[in-house]
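**Q** this one's sequence-less:
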């Protein structure tokens with residue numbers, strides 16, 4: 001089964017490289033699409049082979065066929081090293097089908113988990129043969145879930161321990177009660193716990209074999225379904241994003257030449273039948289409400305004209321109906337703009353004393369605002385008060 005997994009992995013690499021070359025050489029779309037479909041089928045085949053290998057490894061462990069377990073682990077782990085080097089180089093060098101890098105890494109990690117089945121079985125066999133301790137088994141098992149470290153762990157176990165041999169204990173002469181250290185007692189306790197845990201899961205497996213198989217099958221179906229959905233979504237036509245720039249209406253200056261509220265789209269945004277025409281009521285709403293008409297100028301400029309005065313200092317919200325724009329473009333559903341608040345300030349001031357009569361004093365102040373105001377009302381609300389300050393030491 002390890003050989004089948006390895007063959008599928010290298011077939012995936014070959015198809016992946018071929019698809020990348022076709023993509024960048026502008027090959028016919030149908031040919032590239034067929035290569036993508038083949039990649040998906042191969043990936044699903046690898047997942048299925050990995051699931052089968054789980055049951056195959058259980059069978060080999062039960063029969064204690066150490067040679068086959070060792071051979072499977074070495075073949076899949078050491079044989080896949082060139083695959084990982086080459087595949088990661090291609091992944092980081094090209095950007096096929098605009099997939100994000102995390103998505104690619106997740107797919108590769110699923111491949112890694114599939115290759116770890118034989119490795120974990122091999123580690124389990126070594127532990128059962130008492131060739132490695134419980135701590136070593138736990139550490140090397142965790143290494144099977146990491147790139148590079150998984151192959152290092154299998155190579156280290158294989159070439160430092162040699163071929164796995166049955167656990168044959170030499171005869172020992174009866175000795176007096178040895179002095180057992182606390183560390184040894186702790187190790188024996190951990191081994192007893194490990195035996196109990198294994199017995200528990202073995203019992204659960206025998207009782208719920210059908211449930212476990214169904215769960216694994218469901219997980220495989222979920223992975224395959226996600227892959228098919230991702231492939232389907234990547235083939236669907238994507239809407240074109242169109243940005244817009246809003247120009248708030250002018251509220252000062254000559255009313256005849258004030259700039260109206262305008263929305264400029266960076267691309268064609270109007271439906272064909274609405275180009276250079278007035279927008280029907282109900283498709284665009286403004287809050288707070290104000291009477292006026294919307295009109296397309298060409299297919300990228302939307303203008304709002306009104307005879308009413310904009311409310312000073314108010315924030316307006318414009319919302320587009322869902323079917324206002326063509327279905328093939330993506331535009332924000334609305335925007336906000338604010339009408340400037342009234343500002344009033346002193347632009348210039350001058351203090352005047354009559355040269356002939358010093359008792360005559362006047363103050364000339366220029367008041368500037370951004371909106372027209374009633375002069376009489378302004379005069380009534382102006383008050384001049386002296387500001388007396390003392391200089392220290394005077």
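**A** That came in fine, so what should we check first? This is a predicted model, so every value here is computed, not measured.

**Q** in which helix or strand would I find residue 245?
**A** Here residue 245 sits within strand 244-247, counting by DSSP states H and E.

**Q** SS state for the residue lying closest to residue 382 once chain neighbours are set aside?
**A** Nearest-residue entry for residue 382: residue 367, 7.9 Å, with adjacent residues in sequence omitted and distances by Cβ to Cβ, 6 or more residues apart in numbering. For every residue, glycine as well, the C-beta is placed using N, CA and C. Residue 367 carries the three-state label strand when classified by DSSP: H, G, I helix; E, B strand; the rest coil.

**Q** who does residue 367 bridge with?
**A** residue 346 (DSSP bridges).

**Q** helices or strands up against the lengthiest helix in the chain?
**A** In the chain, with assignment by DSSP state H, the single longest helix is helix 29-63. With contacts defined as 3 or more Cβ pairs under 8 Å, 6 or more residues apart in numbering; DSSP states H and E, the packing partners of helix 29-63 are helix 2-24, helix 66-79, helix 101-128, helix 209-235.

**Q** so which of these gets nearest residue 262?
**A** helix 209-235 (36.3 Å; Cβ to Cβ).

**Q** Mind listing residues that contact the next helix or strand after that closest one?
**A** Downstream of helix 209-235, the first helix or strand assigned by DSSP H and E is strand 240-241. Strand 240-241 is contacted by residues 267, 328, 329, 330, 331 when judged by Cβ atoms under 8 Å, 6 or more residues apart in numbering.

**Q** Can you give me every residue that contacts the fourth one?
**A** Contacts here follow Cβ under 8 Å, 6+ apart; on that basis residue 330 touches 239, 240, 241, 242.

**Q** make it 10 Å
**A** Residue 330 makes contacts with 238, 239, 240, 241, 242, 243, as judged by Cβ atoms under 10 Å, 6 or more residues apart in numbering.

**Q** So for the longest helix of the chain, what gets flagged as buried?
**A** Using 16 or more other Cβ atoms under 10 Å as the test for burial, helix 29-63 gives 32, 35-36, 38-39, 42-44, 46-51, 53-54, 56-57, 60-61.

**Q** Let me see the domain layout of this protein.
**A** Structurally, the chain divides into domains by automatic domain parsing as follows: 2-167+188-235, 241-338.

**Q** Poorly predicted segments of this structure, please.
**A** 1, 23-30, 32, 91-104, 159-212, 216, 223, 226-227, 229-236, 388-394 (pLDDT under 70).

**Q** now do 90
**A** 1-243, 250-259, 267, 272, 281-282, 307-313, 322-323, 327-333, 339-394 (pLDDT under 90).

**Q** what bridges to residue 317?
**A** Using DSSP bridges, the bridge partners assigned to residue 317 are residue 287, residue 336.

**Q** What separation is there between it and residue 379?
**A** Distance, residue 317 to residue 379, using Cβ to Cβ, to the nearest Å: 38 Å.

**Q** Phi and psi next, for the residue lying closest to residue 278 once chain neighbours are set aside.
**A** Spatial nearest neighbour of residue 278, excluding adjacent residues (Cβ to Cβ, 6+ apart): residue 295 at 4.9 Å. Backbone geometry at residue 295, expressed as degrees, to the nearest 10, gives phi -150, psi 140.

**Q** Equivalent analysis for residue 249, please.
**A** The phi/psi pair for residue 249 (degrees, to the nearest 10) reads phi -70, psi 150.

**Q** now swap in residue 278 and tell me
**A** The phi/psi pair for residue 278 (degrees, to the nearest 10) reads phi -80, psi 140.
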